[in-house]
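Novice: here is a sequence with its predicted model. Questions after.
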Amino acid sequence: MSQQSVLPGSTGAEPVSGSGSGESASGRTSRLLRQASLRPVALWLFGLCLMIFMMVVIGGVTRLTGSGLSMVEWKPLLGWLPPISESEWVAAFRKYKLFPEYALRNAGMTLAEFKGIFWLEYIHRLWGRLIGVAFLLPFLWFWMRGRITRRIAPRLVLFFVLGAAQGVLGWWMVKSGLVDRPDVSQYRLVAHLGLAVLIYALMFWTALRLWDGDGEGNPAPGWILSLTTVVLVMVALTMVSGGFVAGLDAGLTYNTFPLMDGRWVPPAAWRNGLIDTFTDVTTVQFNHRLLAGVTFVLVVATYCFSFFVGTRGKVRIARHLVFAAALVQVIVGIATLMMQVPVPLAALHQAGALALLTAVMWMLYLLRKGDPLKAQFRART
Ligand code: HEM
């Protein structure tokens with residue numbers, strides 16, 4: 001999609017102007033005024049992105065500490081109040097005891113221990129509600145003040161719908177762990193994580209565009225744009241495969257690196273065919289290593305190529321950030337695996353995935369938007 005087509009507040013008939021184009025002084029003034037009026041909206045969306053980022057990490061810690069199945073009911077409107085009196089706690093604990101997690105994993109658990117696991121899931125759900133409020137109230141305020149243009153409104157409505165769907169998806173995931181086995185379905189976990197990341201990414205991209213307004217330069221050369229787009233896709237795929245590792249607890253086995261069972265490709269992978277890609281711990285872990293490795297190689301390639309081209313300004317910062325985030329992410333991933341998934345490291349690994357995604361998106365945004373890069377590239381070749 002071209003930048004012009006989704007620009008907020010733009011009539012579509014106006015020329016997209018940039019430095020060096022024939023923009024008149026009054027055109028430039030009105031563009032800057034429009035941009036200034038949209039920056040608070042952009043800041044609001046950046047704030048929401050931060051809240052979603054924290055939500056993903058809280059969700060990860062909830063899962064890693066075995067707290068995710070402690071609330072066996074979902075009351076979207078009234079459930080924001082935790083049990084307060086002792087009798088309410090006893091009632092909540094009694095309900096929890098009716099489900100398999102208690103019998104199969106936590107038999108003999110005391111009320112005090114139950115309270116310990118209950119809080120994280122409660123905070124996770126409360127944070128989700130807070131995100132809803134932090135979305136709705138400023139939305140209404142901006143709307144009443146005429147800051148929500150017709151072009152941006154559908155996208156904001158989409159965020160709201162996706163956010164509500166995320167709540168439903170979360171409960172659907174929890175429900176899968178309340179029957180027979182106290183483990184949630186890996187497919188539902190990946191869907192829940194994936195939708196969170198999708199909302200985050202769409203919102204971040206929208207905020208970047210609103211922040212910058214409709215000024216435009218020269219997009220970077222096609223090949224570097226394509227390479228960075230491939231990196232983005234690979235990061236997304238690696239994250240999805242990481243969701244399967246988490247969903248199947250596949251990080252608790254093959255705790256060696258780089259070899260698995262003394263081999264580069266473990267003999268047990270794909271024993272049952274392609275379905276193992278989603279169901280077998282060996283295959284799932286191998287895939288995650290492979291995708292992460294390819295992603296890292298591509299990041300290094302992008303880093304080196306853009307170094308050769310000679311980036312400047314924000315693109316240079318983004319390039320360093322992408323490289324650093326990928327390096328840290330791979331190191332933390334290996335440490336998480338070798339140490340058998342300690343909660344702090346695993347949570348850091350989850351946060352690192354989002355940080356890497358953010359850095360790659362920022363770089364891609366800058367390259368698409370325009371940078372001296374293209375001019376420099378032409379000058380050198
Ligand atoms: C580009 C690099 C990488 C990305 C973007 C990435 C992303 C992710 C994501 C999103 C998860 C799911 C986290 C969750 O839902 O809790 C995950 C889990 C995991 N990753 Fe990675 N990862 C990368 C590299 C690696 C590497 C190199 C290793 C080790 C060889 C690794 C090992 C693991 C393990 C063991 C888990 C499961 C942790 C848990 O159970 O919470 N990752 N990864």
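Specialist: Here it is on my side, so go on. Numbering: from 1, shown residues only.
Novice: could you look up the SS state of I148?
Specialist: coil (DSSP: H, G, I helix; E, B strand; the rest coil).
Novice: residue contacts, the closest residue to it other than its chain neighbours?
Specialist: Using CB to CB, 6 or more residues apart in numbering and skipping residues adjacent in sequence, the residue nearest I148 is F142, 5.2 Å away. From N, CA and C alone the C-beta is placed, and that goes for glycine too. Counting by CB atoms under 8 Å, 6 or more residues apart in numbering, F142 makes contact with 40-41, 44, 148.
Novice: now Y96
Specialist: Contacts of Y96 (CB under 8 Å, 6+ apart): 70, 72, 102, 114.
Novice: quick one: which helix or strand includes the spatially most central residue of the chain?
Specialist: For the chain, V197 is the residue whose C-alpha lies nearest the centre (CA atoms, centre = their mean; 2.9 Å). Secondary structure assignment for V197, by DSSP states H and E: helix 186-212.
Novice: next, the buried residues of that helix.
Specialist: 186, 188-193, 195-197, 199-212 (16 or more other CB atoms under 10 Å).
Novice: so is the longest helix seen in the chain next to the ligand?
Specialist: As assigned by DSSP state H, the longest helix anywhere in the chain is helix 25-64. Yes: using CB under 6 Å from any ligand atom as the criterion, contacts between helix 25-64 and the ligand involve 60, 64.
Novice: what's the angle from that helix to helix 186-212?
Specialist: In terms of direction (axes from the mean of the first three to the mean of the last three CA atoms, to 10 degrees), helix 25-64 departs from helix 186-212 by 160 degrees.
Novice: would you mark the buried spots in helix 25-64?
Specialist: Buried residues in helix 25-64 (16+ other CB under 10 Å): 31, 34-35, 37-38, 41-42, 44-46, 48-49, 52-53, 55-56, 58-64.
Novice: pLDDT on it, on average?
Specialist: Here helix 25-64 scores 89 as its mean pLDDT.
Novice: for stretch 137-153, same thing?
Specialist: The pLDDT scores in stretch 137-153 average 93.
Novice: got a list of what T229 touches?
Specialist: Counted by CB under 8 Å, 6+ apart, T229 has contacts L364.
Novice: how close does it get to R28?
Specialist: 31 Å (CB to CB, to the nearest Å).
Novice: same question, G177
Specialist: 57 Å.
Novice: in which helix or strand would I find L140?
Specialist: Per DSSP H and E: helix 111-144 holds L140.
Novice: now the angle from the next helix or strand after that helix to helix 25-64?
Specialist: The element immediately downstream of helix 111-144 (helix or strand, assigned by DSSP H and E) is helix 153-176. Relative orientation of helix 153-176 versus helix 25-64 (the same axes, to 10 degrees): 0 degrees.
Novice: what lies in contact with helix 153-176?
Specialist: Counting by CB under 8 Å, 6+ apart, 6, 68-69, 71, 74, 76, 125, 128, 131-132, 135-136, 139, 148, 184-185, 188-189, 191-192, 195-196, 198-199, 202-203, 206 sit against helix 153-176.
Novice: quick revisit: spit out the contact partners of the residue nearest to the centre of the chain.
Specialist: Here V197 is in contact with 56, 236, 239, 354, 357 (criterion: CB under 8 Å, 6+ apart).
Novice: quick one: which of the residues you listed sit in helices?
Specialist: Counting by DSSP H, the contacts of V197 place 56, 236, 239, 354, 357 in helices.
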